[in-house]
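J.: coords please:
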Amino acid sequence: MNTAYKRIVVVGGGTAGWMAATSLATALPGSTVELVESEEIGIVGVGEATFPMLRDFHKANGIDEAAFLRATNGTYKLGIEFRDWRAKGHRFFHTFGNFDDLAGPACLWGQYRRVNDAALGALGEQCLPSVMASQGRFATPPREHPNLYSYAYHFDASLYAGFLRGIALSRGARRTEGRIVDVRRRADGGVDQLKLDDGRVVAGDLFIDCSGFVSLLLGRALEEPFVDFSRWLPVDRAWAVPSEPGGPGLTPHTVATALEAGWAWRIPLQNRVGNGHVFSTRYIDEERACARLLELLDGPALAEPRLLRFTTGHRERFWVHNVVGLGLSSGFLEPLESTSILLIQRGLEKMIALLRPDARPAAAAVANYNTGMTRVFERIRDFIILHYCLTERRDSALWRDMASMELPETLAFKLHAWRQTGWLNMNGEEGFEATSWLAIHAGMGNWPEHADPVLAEVPVAEALQALHQRRDHYAAVVASMPTHEAFLRLMLGR
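T.: Predicted structure coming up:
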């Protein structure tokens with residue numbers, strides 16, 4: 001009998017586990033949701049920068065923004081500043097804003113390229129949140145124009161897990177403390193029970209594997225094969241360390257700085273700065289990579305650096321029998337564009353859409369889930385590779401190799417379409433919209449070889465005037481905004 005999943009067990013806490021428990025307890029009040037975690041194991045807790053889609057998760061689960069920011073030492077994020085990616089000394093910004101029309105006579109970037117006026121500055125000056133970030137200012141979009149631009153957050157991932165734990169438990173989820181020592185299987189290959197170190201047994205109908213890189217159920221118990229992306233994304237380690245605030249202060253954006261064998265992140269929180277060095281051991285050893293990170297800190301380190309080891313890629317399937325992998329247990333893409341939590345959220349939303357109160361999803365629906373999540377990983381993989389393959393740097397082996405590597409066919413086609421026609425080809429299950437692709441192309445100086453003839457329908461003088469007016473208008477608007485720190489104090493009532 002195809003009955004619904006009445007007993008749902010989440011394996012592992014952390015961000016993935018408690019996001020799952022919160023969503024399931026909110027969306028499926030008729031099912032029991034039990035989360036099993038061990039305080040002995042701890043969580044990775046590195047993903048402190050996020051993508052705007054997280055605001056949808058908060059809205060769907062009734063999470064108040066101010067309460068969330070207070071609980072997690074959170075700050076606002078308007079995008080990512082990339083330093084030294086195109087060439088040493090060069091900077092550009094990946095915005096969460098927009099550039100209006102991306103095609104046709106009114107195409108903003110097309111007219112910007114056509115008028116070729118150095119006085120206009122960078123293309124980013126035509127985008128409101130890019131200007132806000134450059135000036136260290138922040139304000140939420142006006143109520144009359146809520147979609148004018150978007151924003152995300154920086155926060156302490158460990159505190160976020162605890163914040164969500166309280167919400168999930170208040171909505172009926174249960175927490176079981178214990179270390180899993182055995183996974184008992186059903187005759188059909190699925191998971192039946194989890195045995196804990198004290199002898200207790202946790203049974204369930206559906207198991208959500210949020211056990212991190214260990215991948216206790218999907219990887220170890222079910223032995224689901226891993227699809228390796230390291231031929232394109234060779235980074236396999238990351239050092240992470242918090243430091244005292246300093247330098248540019250409470251910036252409303254993440255900074256990603258390209259280094260000789262990888263890149264470094266800087267993430268400002270209310271009480272500290274999160275720092276990390278993502279690198280490849282093909283090009284640098286762990287000790288030197290750690291020393292390189294410590295050289296970059298704005299202030300004294302607040303803890304000993306932590307080393308994370310990983311392989312980029314994903315499990316061949318994400319939903320196998322009655323086990324669904326979320327977060328690191330299902331796969332990992334380097335955090336260059338803050339997609340770790342985005343991937344959790346995409347998987348979670350797709351899964352919950354299939355969980356009906358009266359029946360389990362059909363095999364075809366599960367197959368579609370797996371196909372969809374595979375494409376999500378591949379699309380984001382391509383977007384991350386884009387940052388590497390367009391580089392002009394040739395000063396170290398990593399950058400020489402990345403600039404000359406054979407690209408995935410999907411990315412190679414997108415690049416060809418853009419270079420030949422200016423077409424920002426978007427496929428299903430994209431992680432990033434066309435504006436994001438444009439921001440990277442523009443920032444890396446990768447422009448189409450041919451201009452669209454319809455741009456000439458707008459007189460050059462008219463286009464030039466419109467671009468100057470837009471730039472000047474945004475500069476004036478931003479000048480009247482509070483600083484990021486001042487806005488945050490107002491939001492938190494401090």
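J.: Which parts of this protein are helices?
T.: 14-27, 54-60, 65-72, 108-115, 128-134, 157-170, 286-296, 340-354, 363-389, 397-404, 409-421, 434-443, 460-479, 484-492 (DSSP state H).
J.: okay, the angle between the first one and helix 157-170?
T.: This points to helix 14-27. Between helix 14-27 and helix 157-170, the angle comes out at 20 degrees (axes from the mean of the first three to the mean of the last three C-alpha atoms, to 10 degrees).
J.: Ile208: which of the helices of the chain is closest?
T.: Nearest of the helices of the chain to Ile208, taken as C-beta to C-beta: helix 14-27 at 5.0 Å. For every residue, glycine as well, the C-beta is placed using N, CA and C.
J.: Could you tell me how many residues sit around the closest residue in space to Ile284 that isn't next to it in sequence?
T.: The spatial neighbour of Ile284 that comes closest, neighbours along the chain excluded (C-beta to C-beta, 6 or more residues apart in numbering), is Ala261 at 3.7 Å. Each residue near Ala261 was counted by other C-beta atoms under 10 Å, and the total is 24.
J.: One more: Ala451?
T.: By other C-beta under 10 Å, the residues close to Ala451 number 15.
J.: Quick check: the gap between it and Ala67.
T.: Plainly put, Ala451 is 49 Å away from Ala67 if you go by C-beta to C-beta, to the nearest Å.
J.: Likewise for Val324?
T.: Counting by C-beta to C-beta, the separation of Val324 from Ala67 is 29 Å.
J.: Which one's more surrounded, those two?
T.: Looking at Val324 and Ala67 with other C-beta under 10 Å, you find the greater number of neighbours at Val324, namely 31 against 13.
J.: list the contacts for the more buried one?
T.: With contacts defined as C-beta atoms under 8 Å, 6 or more residues apart in numbering, the neighbours of Val324 are 206-209, 318, 347, 351.
J.: if you set the cut-off to 6 Å instead, what comes out?
T.: By C-beta atoms under 6 Å, 6 or more residues apart in numbering, the contact list for Val324 reads 208, 351.
J.: Which residues does it form beta bridges with?
T.: Ile208, Trp319 (DSSP bridges).
J.: Quick check: the gap between it and Ala442.
T.: For Val324, the distance to Ala442 (C-beta to C-beta) stands at 38 Å.
J.: Same question for Gly74.
T.: In this structure, Gly74 and Ala442 are separated by 29 Å, where distance is defined by C-beta to C-beta.
J.: Distance-wise, check Pro142 relative to Ser404.
T.: Using C-beta to C-beta, one gets 47 Å for the distance from Pro142 to Ser404.
J.: actually Asp298, sorry about that
T.: Relative to Ser404, Asp298 is positioned 35 Å away (C-beta to C-beta).
J.: Next, the contact list for Met444, please.
T.: 86, 390.
J.: ok, it to Ser150 distance?
T.: Counting by C-beta to C-beta, the separation of Met444 from Ser150 is 22 Å.
J.: how deep is Arg471 tucked in, by neighbour count?
T.: Number of residues near Arg471 (other C-beta under 10 Å) recorded here: 18.
J.: just the one 5 residues further on next, same as before
T.: Burial measure for Ala476: 9 neighbouring residues, criterion other C-beta under 10 Å.
J.: Can you report how many residues lie near Gly89?
T.: 7.
J.: what does Gly445 give?
T.: Applying other C-beta under 10 Å, we find 12 residues neighbouring Gly445.
J.: So between Asp298 and Ser404, which is more surrounded?
T.: Asp298 (15 against 9).
J.: For Ala4, see how far away the more buried one is.
T.: Counting by C-beta to C-beta, the gap between Asp298 and Ala4 amounts to 52 Å.
J.: Grab the most central residue of this protein for me.
T.: Against the mean C-alpha coordinate of the chain, by C-alpha atoms, centre = their mean, the closest residue is Thr339 at 1.7 Å.
J.: Check whether that one really touches Ile380, as I assumed.
T.: Yes - taking contacts as C-beta atoms under 6 Å, Thr339 lies within contact range of Ile380: 5.3 Å.
J.: Look up how far Gly199 lies from the closest residue to Leu196 other than its chain neighbours.
T.: Take Leu196 and drop its neighbours on the chain: the residue closest to it by C-beta to C-beta, 6+ apart is Gly178, 3.7 Å away. Gly178 sits 10 Å away from Gly199 when distances are taken as C-beta to C-beta.
J.: neighbour count winner among the two?
T.: The residue with more neighbours, out of Gly178 and Gly199, is Gly178; 18 against 8, by other C-beta under 10 Å.
J.: can I assume that one is in contact with Leu194?
T.: No - using C-beta under 6 Å, Gly178 and Leu194 do not qualify as a contacting pair, with a distance of 8.6 Å.
J.: Residues in contact with stretch 463-482: which ones?
T.: Stretch 463-482 is contacted by residues 111, 115, 120, 125-126, 128, 131-132, 135, 137, 139 when judged by C-beta under 6 Å, 6+ apart.
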